[in-house]
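A.B. asks: sharing a model that was predicted from the sequence below.
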Amino acid sequence: MAFVELENVTKAYDSGWAEPVKALDRVSFTAEAGEWIAIMGPSGSGKTTLLNILGCLDQATHGAVRIDSVDTSTLTRAELARFRAETVGFVFQQFHLIPHLTALENVMLAQYFHSMTDEGEARRVLDRVGLADRARHLPSQLSGGEQQRVAIARALVNDPKIILADEPTGNLDATNQRIVLDLLAELHQQGRTILMVTHDEQVGRYADIRLDLEHGRIVETTHFSMEVNQDFDEVLEQLWAARERTFHGEPEHFTAAQQRKVVAMMSRIGLVELRAGEVAFTPPGEERARSVIRRHRLAERLFMDVLAIRDEGSIEKNACTFEHILSPEVTDRICTFLGHPRTCPHGSPIPEGDCCLEARGGGVACTVETLAGAD
């Protein structure tokens, strides 16, 4: 039996009209222990409602929810509270730390609601997230990234079987986002089951499985790893380069059969489409390709112009790494710092970003402070 199983789950609210409003509409999916699932979709698609039901904060109107062989849809409120305390760890976008309690006390509060407090264990969990020296600090004395790590420590202290994360990086800058994602990736490698709501495509790439929701229904389920996502980006780059007539052949690490397999998967999730035997962008695929090309070529320009790296092999290798990890915010800061360059070192055009349009309209200053500015 799957570790998490939803069967025809519907959550309806009385709207005062003839028909109730369905936040979830006959949702079914399964997850095995140790999987990382990203739940994605536009605002109002039912993501948070789904997470609340999985976390036993709410119950479905219809359907069955089974977690670790327990049908939570049959539990009483008291039983739900006990099951939630013993099974689930929550990480929220807003942190939800108690302002007058220290980091250590916020972690111990989760122990209190579970059974009893254990200061030594709470300290060990804070050390695990790199905050042993901040145990006595209040939330107001911690950065946003540190507060989120306290929230992760609080989620871990009772050794939950499943971690539910609702936009865990939504309020963080790029540096702290990476720290938090690395922590979640470490927990995933240790065998934790993670279900995460996110709007961020880059964050979603960390997951094994992606569920796309629209109007309360799962419209797409995609199984892929971060490595597969990087393969997607490689193919999108090649398509973009072919359109520019700067195509240099298929990526070296692809065989023809592997490339066909990746293209078929990209077609299923709507990044490309096949037209008379030719591979073409869909609008979402073209936008993603544009973003990847922009990150790659700005990174090339940064390495050559600022870091004075001249070896083409080193520039290309490092740019390929950066194209997968730069957030839109950092990409725009690099572009602004470089003065909104129009071409990469090889003369290929760099797609413009919002920062370029703003600079043309309002004269944005290009300074080192802009690149490394405060959040």
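C.D. replies: Ah, there it is.
A.B. asks: where does the closest residue in space to residue 111 that isn't next to it in sequence sit, in terms of helix or strand?
C.D. replies: Sequence neighbours aside, residue 117 is the residue nearest to residue 111 in space, at 4.6 Å (criterion: Cβ to Cβ, 6 or more residues apart in numbering). For every residue, glycine as well, the C-beta is placed using N, CA and C. Following DSSP states H and E, one finds residue 117 outside all helices and strands.
A.B. asks: would you mind confirming that residue 117 is in contact with residue 110?
C.D. replies: No - using Cβ atoms under 8 Å, residue 117 makes no contact with residue 110, being 9.3 Å away.
A.B. asks: who has more neighbours out of those two?
C.D. replies: A direct count of neighbours by other Cβ atoms under 10 Å for residue 117 and residue 110 places residue 110 higher, at 22 against 16.
A.B. asks: which residues touch that one?
C.D. replies: If you count contacts by Cβ atoms under 8 Å, 6 or more residues apart in numbering, residue 110 has them with 154-155, 157-158.
A.B. asks: counting only helices, which of those make the cut?
C.D. replies: Within the contacts of residue 110, residues falling in helices by DSSP state H are 154-155.
A.B. asks: and the contacts of residue 110 as CSV, adding neighbour count?
C.D. replies: Output for the contacts of residue 110, formatted as CSV (neighbours: other Cβ atoms under 10 Å):
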residue, neighbour count
154, 26
155, 23
157, 24
158, 19
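A.B. asks: and of the contacts of residue 110, the nearest to residue 21?
C.D. replies: The nearest member of the contacts of residue 110 to residue 21, counting by Cβ to Cβ, is residue 155 at 30.6 Å.
A.B. asks: any idea how far that closest one lies from residue 135?
C.D. replies: 17 Å (Cβ to Cβ, to the nearest Å).
A.B. asks: what ranges do the strands span in the protein?
C.D. replies: In the chain, the strands defined using DSSP state E lie at 4-13, 21-31, 36-40, 62-67, 70-71, 88-92, 162-166, 193-197, 209-214, 217-223, 272-275, 278-281.
A.B. asks: same question for stretch 82-97, mean pLDDT?
C.D. replies: Mean per-residue pLDDT for stretch 82-97: 87.
A.B. asks: give the buried residues for it.
C.D. replies: For stretch 82-97, burial by neighbour count (16 or more other Cβ atoms under 10 Å) applies to 83-85, 87-93, 95, 97.
A.B. asks: which one of the residues you listed is nearest to residue 68?
C.D. replies: Looking across the buried residues of stretch 82-97 and measuring by Cβ to Cβ, the closest to residue 68 is residue 87, at 6.5 Å.
A.B. asks: what about the residue nearest to residue 57 when sequence neighbours are not counted, distance to residue 316?
C.D. replies: Once flanking residues are discounted, residue 57 sits nearest to residue 84: 7.3 Å by Cβ to Cβ, 6+ apart. Distance of residue 84 to residue 316, computed by Cβ to Cβ: 49 Å.
A.B. asks: what do you get for residue 85?
C.D. replies: 51 Å.
A.B. asks: and for residue 107?
C.D. replies: If you go by Cβ to Cβ, the gap between residue 107 and residue 316 works out to 45 Å.
A.B. asks: repeat that for residue 267.
C.D. replies: Distance from residue 267 to residue 316, by Cβ to Cβ: 28 Å.
A.B. asks: now swap in residue 342 and tell me
C.D. replies: Separation of residue 342 from residue 316 (Cβ to Cβ) stands at 20 Å.
A.B. asks: please identify which of those two sits among more neighbours.
C.D. replies: The neighbour count for residue 342 versus residue 316, taken as other Cβ under 10 Å, is higher for residue 316 (14 against 11).
A.B. asks: identify the residues contacting the closest residue to that one other than its chain neighbours.
C.D. replies: Nearest residue to residue 316, sequence neighbours excluded (Cβ to Cβ, 6+ apart): residue 300, at 7.5 Å. Counting by Cβ under 8 Å, 6+ apart, residue 300 touches 315-316, 319, 344-346.
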